[in-house]
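Participant: what follows is a predicted structure for the sequence shown.
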Amino acid sequence: MEETPLETLPALPRDADGPMFREPWEAQAFALAVRLSEQGMFTWSEWAATLAAEIREAQRRGDADLGDTYYEHWLAALERLVAEKQAVASEDLAQRREDWRAAYLNTPHGQPVALSAGRE
């Protein structure tokens, strides 16, 4: 896979030290992938191949690949791997995603988003 120089990705957030996370969930998804790999859920080579496949699929769907959707692909790759490894059912992932979406949509602006009791 051809490497893209970081300076050619204008939407990739960065500070003086280089690329950084745009949102807390991106850092959490990053840490989760690293931890699951360290625990043997998947190899880093499996991870890289799955992430690359997610990015290629997104590009085929029209993603401009400017860096602003990178962690969306990261999350999709993570979800794909844990489902493939049967660590969690795809249906459970879909339900959890819907639970968070509903919680977000029903949370007043400026308030922390929380799942309903029993779903956290």
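Facilitator: Arrived safely, thanks for sending.
Participant: show me where this structure has helices.
Facilitator: Along the chain, the stretches classed as helices by DSSP state H are 24-38, 44-60, 70-84, 90-105.
Participant: how much space between the residue at minimal distance from the centre of the chain and Ala16?
Facilitator: Nearest to the mean C-alpha position of the chain, by CA atoms, centre = their mean, lies Leu75 at 2.0 Å. Leu75 is 27 Å from Ala16, where distance means CB to CB, to the nearest Å. Heads up, the C-betas are built off the backbone N, CA and C, glycines and all.
Participant: and what of Gln86?
Facilitator: Gln86 sits 43 Å away from Ala16, going by CB to CB.
Participant: tell me the contacts of the residue lying closest to Trp44 once chain neighbours are set aside?
Facilitator: Nearest non-adjacent residue to Trp44, counting by CB to CB, 6 or more residues apart in numbering: Ser37, 5.3 Å away. Taking CB atoms under 8 Å, 6 or more residues apart in numbering as the definition of contact, the neighbours of Ser37 are Thr43, Trp44, Trp47.
Participant: any stretches of this structure with poor pLDDT?
Facilitator: In the predicted model, the chain carries pLDDT under 70 at residues 1-15, 18-19, 117-120.
Participant: try it again at 50.
Facilitator: Low-confidence segments of the chain (pLDDT under 50): 1-6, 8-9, 117-120.
Participant: can you pull the contacts of Ala27?
Facilitator: Phe21.
Participant: got the contact list for Gln59?
Facilitator: The neighbours of Gln59, taking CB under 8 Å, 6+ apart as the test, are Asp65.
Participant: same thing but 10 Å
Facilitator: Contacts here follow CB atoms under 10 Å, 6 or more residues apart in numbering; on that basis Gln59 touches Asp65, His73.
Participant: rewinding a little: just the buried ones from the contacts of Ser37, in PyMOL syntax?
Facilitator: Buried residues among the contacts of Ser37 (16 or more other CB atoms under 10 Å), as a PyMOL selection:
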select buried, resi 47
